[in-house]
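Asks: Predicted model and sequence below, questions to follow.
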Amino acid sequence: MKLQRPYLGPDNTFEQNRKIRLQEIIDDYLTDDDITPEDFLTELKEVIQSNIDYYRNNMNRSSNFMKLVSSPVNYHEIVDYYKHSGR
């Protein structure tokens, strides 16, 4: 007997789900009497800036790591470090 999964409604694609989430967020702002359109725009800009800051920080960290792994390695310094550090 072949098992069938229960029908939970139509399967949505990632894009459809993303649009649904966006619609729900916009609905939250539109139905909140304490939020003005200016508040919405301010918060939207803050979220976008937060994304910029996050990715800029990760880019800088990744760039610094790349510089480190791309720089010449002085193996004698590494060996000396471990000899003198007791490790």
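Replies: Alright, I've got the coordinates.
Asks: Asn12: what secondary structure?
Replies: coil (DSSP: H, G, I helix; E, B strand; the rest coil).
Asks: which ones are touching it?
Replies: Contact analysis of Asn12 by C-beta atoms under 8 Å, 6 or more residues apart in numbering lists Ile20. In this view, the C-beta of every residue, glycine as well, is placed from N, C-alpha and C.
Asks: where along this structure do the helices fall?
Replies: Counting by DSSP state H, the chain has helices at residues 14-31, 37-70, 75-85.
Asks: any chance of those helices in TSV, plus mean pLDDT and distance to Gln4?
Replies: Listed next are the helices of the chain as TSV, based on pLDDT from 0 to 100; distance: least, C-beta to C-beta, whole Å:
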stretch	mean pLDDT	distance to Gln4
helix 14-31	93	23
helix 37-70	93	41
helix 75-85	76	61
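Asks: Switch these over to JSON lines; also include distance to Lys2.
Replies: Converted to JSON lines, the helices of the chain look like this (distance: least, C-beta to C-beta, whole Å):
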{"stretch": "helix 14-31", "distance to Lys2": "28"}
{"stretch": "helix 37-70", "distance to Lys2": "45"}
{"stretch": "helix 75-85", "distance to Lys2": "61"}
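Asks: so what's the backbone phi/psi at Pro10?
Replies: For Pro10, the backbone dihedrals are phi -70, psi 140 (criterion: degrees, to the nearest 10).
Asks: From the structure, what's the count of residues near it?
Replies: 6 (other C-beta atoms under 10 Å).
Asks: so who does it touch?
Replies: Counted by C-beta under 8 Å, 6+ apart, Pro10 has zero contacts.
Asks: Phe40 against Tyr29, yeah?
Replies: Yes: here Phe40 reaches Tyr29: they are 4.9 Å apart, a contact under C-beta atoms under 8 Å.
Asks: Brilliant, that's me finished.
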